[in-house]
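S.K.: For reference, the sequence and a predicted model appear below.
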Amino acid sequence: MASSRTHCDLGAIRTYEDMTDETKFPSQLAERFQVRMPDGLRDRIADAAKANGRSMNAEIVAALTEKFPEPTDPEFEKFYEMAQRIAPKDLKRLLVELIDKDIASGKITEQDLEDGVVPGLTVIRVPKKGG
């Protein structure tokens, strides 16, 4: 009895080693680190990931990012120290000017502010009258 299997050209299959950085998925380029976990930790991570609607990897990255936030910009630290010495009324005016400048330059958007994406700053703007 003849076989009805289809033959494929194995030469057309690309292996991971054949792929360039441009053809790999971002997850394939990300740094990897293997971790030994104590008993029960994997299950707790899996439960938390399910509750938060994300993968275990995303849950672990979120927990690590919360524990180890990106370092604060030294320029921001200088600004913060200076801001502590400015009268609240003047500080508010300066902050509004800086925020408007960053929005105008495209560094941030109004939505970033409303969503709390700008670290340490959550603003809900009230539309100006007549505009």
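M.R.: Perfect, I can see it now.
S.K.: Could you pick out the longest helix of the protein?
M.R.: helix 88-105 (DSSP state H).
S.K.: Any buried residues in that helix, and which?
M.R.: Residues residue 99 are the ones in helix 88-105 that count as buried (16 or more other CB atoms under 10 Å). In this view, the C-beta of every residue, glycine as well, is placed from N, C-alpha and C.
S.K.: Could you do stretch 46-56 as well?
M.R.: Buried residues in stretch 46-56 (16+ other CB under 10 Å): residue 49.
S.K.: contacting residues for residue 37?
M.R.: residue 45 (CB atoms under 8 Å, 6 or more residues apart in numbering).
S.K.: With residue 69 as the reference, measure out to it.
M.R.: 23 Å (CB to CB, to the nearest Å).
S.K.: again with residue 34
M.R.: In this view, residue 34 and residue 69 are 24 Å apart by CB to CB.
S.K.: and what of residue 80?
M.R.: 15 Å.
S.K.: The two: which has the busier surroundings?
M.R.: Remark: of residue 80 and residue 69, residue 80 carries more neighbours, 12 against 9, as counted by other CB atoms under 10 Å.
S.K.: Quick check: which element contains the more buried one?
M.R.: Per DSSP states H and E, residue 80 falls inside helix 74-83.
S.K.: what's in contact with that helix?
M.R.: With CB under 8 Å, 6+ apart as the test, helix 74-83 has contacts from 91, 94.
S.K.: ok, now which ones touch the closest residue to residue 52 other than its chain neighbours?
M.R.: Leaving aside its sequence neighbours, residue 52 sits nearest to residue 59 (CB to CB, 6 or more residues apart in numbering; 6.3 Å). Neighbour list for residue 59: 45, 48-49, 52 [criterion: CB under 8 Å, 6+ apart].
S.K.: Looking at the residues you listed, which one is closest to residue 106?
M.R.: Lowest distance from residue 106 to these (CB to CB) belongs to residue 52, with 31.3 Å.
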